[in-house]
Structures are given as structure tokens and as C-alpha cells.
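1. Sequence and predicted structure, then a few things I'm wondering about:
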Amino acid sequence: MLAETAIKIKDLTVAYHGDPVLYNISTEFYYGNRTAIVGPNGAGKSTLLKASLGLTKSLTGQANFYIQGKALNIDQAYKHIAFVPQAQSVDWTFPASVFDVVLMGRYGHLGLGKRPRKADKDIATKNLEKVGLTDFKDRQIAQLSGGQRQRVFLARAFCQEADIIILDEPLAGVDIKTEEIIMDLLSQEAKTGKAIIAVHHDLNTVSQYFDRVLMMNRELIASGPVDQCLTPETIQSAYSQSQGPVQSREGSVDL
């Protein structure tokens, strides 16, 4: 039985300075699943996320987010979506404590100008404990290791209590122990019915960490269950060409 749709992307095309970097991407992501987005450098993986979230302008196409079965655009659905950006895109010199950063995950639930309540702070404390950083709550984020920073941003995402969690290379630059901690936490979230979507760079661990995979190189190569879509043929199709559009292999599936 097919899981419930969380995001449906249709005919998404994006260009930078007149140069198309995504070509007519159409795919779906599902609740209760962990989906890896994989492809070579320059394949448009991060661009796909940003265009879907309205952070990058698209030439054509759109993304709809399904909340309680209702299709919403990003402006309507943003409270139900948590986004963890690439670590290098974050200003780690910003003078904020670990607890302050995690508590930011509650701001979407507050009215304009309202301060966090005790309940919000309790949720932040609970999620700091979940990622194993309670002892670091008063530390400045600039003082943390790369793996600890990733766990802080994961705790912030959990604080949003979002239905859909989207992560851009959450395992980049972390050690194997932290990698396993992060993926175990995301697996727990998927088991509660949430949709987990992550740009991922290590093909060797896709089958270990994810249920589904989206293989791309500017165009969609394959999308579906890992055991059906992560094949020598799709890998060759995605990684053998670094420039221009590539053609989807016959037999690629989008289940």
C-alpha cells in the first residue's frame, strides 16, 4: 500500500543567469518515509529543495505540500515544514546560545511580537535532551564541533513539530558516531509518520539510512524504493555525465 503523499513536485525548472540547472522535475515524497536525494556535484539537489521551498525562483512548475490531505502552497504550509540548511550557509559567529537556537524552532507557533512561553521552553529542553546536548545548552554555538552544531539544528527542527523535515546534507563533515545518531533520530521521526527528505552524498549508506531514493542529474533519473532505484544502471546514468541534461533510463520507476 502506497504511503500518503507529503510533497508533489510537478514540472519544476530552474535557471541561474539564463542557464537551466533543473529540467522539468516531477516527483513525490511520502509520509512515514526517509528519502535520499542523490546525484553528482552540480546535479541541482540543493536547488530542488530551495525551489520547492520558495527560496529560489523557478521558471516553471510548482511544489504542493499535503497537510492532512489538503494540497497547500509553501506560503500556506510553511508552519508544517522544518528545513535544516547546509552547515556552511549558517553564520556560526552569531552570538546565540545552544538553547536560544533550539528555541527558535518555536517562533512559528508564536504570535507576532510574543515571547516564548514556559511550554515552548519545555519543548526546547526536551529536544535538546533528545539529541544529547543538554549539557551544552548555555554554550555559544561558535564553540561547538561540526557534529554538535548539526544536532543543534536538528533539535531546532524537532521543536517546530513539523510534519515534513527537509535537510540539505545533514551528514556533511560529521564523524561516523554523529552520523549514526542523526540518522537514528530521523528514523524515529519517520516512524511517527513524518516525511524525512535529505540531500545525501554517500551512495554506500543510502540503503542503510533511507527507504526511498531520488536519483538526479539536473533531470530526474529515478525515484522510488531504494532497492528498485539505486542500481548500477541509474548510478551510471546519473554520474557519467556532469554537464547538461541527462535522459531517464527506461525502466526507472516513480512509485
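-> Yep, that arrived.

2. Tell me where the stretch 151-255 of the chain has strands.
-> 164-168, 195-199, 212-217, 219-225 (DSSP state E, counting those that start in this stretch).

3. which helices and strands sit right next to the first one?
-> Applying 3 or more C-beta pairs under 8 Å, 6 or more residues apart in numbering; DSSP states H and E, we find strand 164-168 packed against helix 45-52, strand 81-84, helix 176-191, strand 195-199. (Each C-beta comes from the backbone N, C-alpha and C, glycine too.)

4. That one vs helix 45-52, what angle?
-> Counting by axes from the mean of the first three to the mean of the last three C-alpha atoms, to 10 degrees, strand 164-168 lies at 140 degrees to helix 45-52.

5. what are the pairing partners of strand 164-168, and which direction each?
-> Sheet partners assigned to strand 164-168 using DSSP bridges are listed as strand 81-84 (parallel), strand 195-199 (parallel).

6. centre of the chain versus it, how much separation?
-> 2 Å (C-alpha atoms, centre = their mean, to the nearest Å).

7. next one: the longest one
-> Taking the mean of its C-alpha atoms, strand 219-225 sits 17 Å from the chain's own mean (C-alpha atoms, centre = their mean).

8. In that strand, which residues are buried?
-> Within strand 219-225, the residues that count as buried by 16 or more other C-beta atoms under 10 Å are 219-224.

9. next one: stretch 230-242
-> 230-231, 234-235, 237-239.

10. Check the secondary structure at residue 63 for me.
-> strand (DSSP: H, G, I helix; E, B strand; the rest coil).

11. give me the beta-bridge partners of it?
-> Beta-bridge partners recorded for residue 63 (DSSP bridges): residue 9.

12. Next, the contact list for it, please.
-> Going by C-beta atoms under 8 Å, 6 or more residues apart in numbering, residue 63 touches 7-10, 12, 51-53, 73-74.
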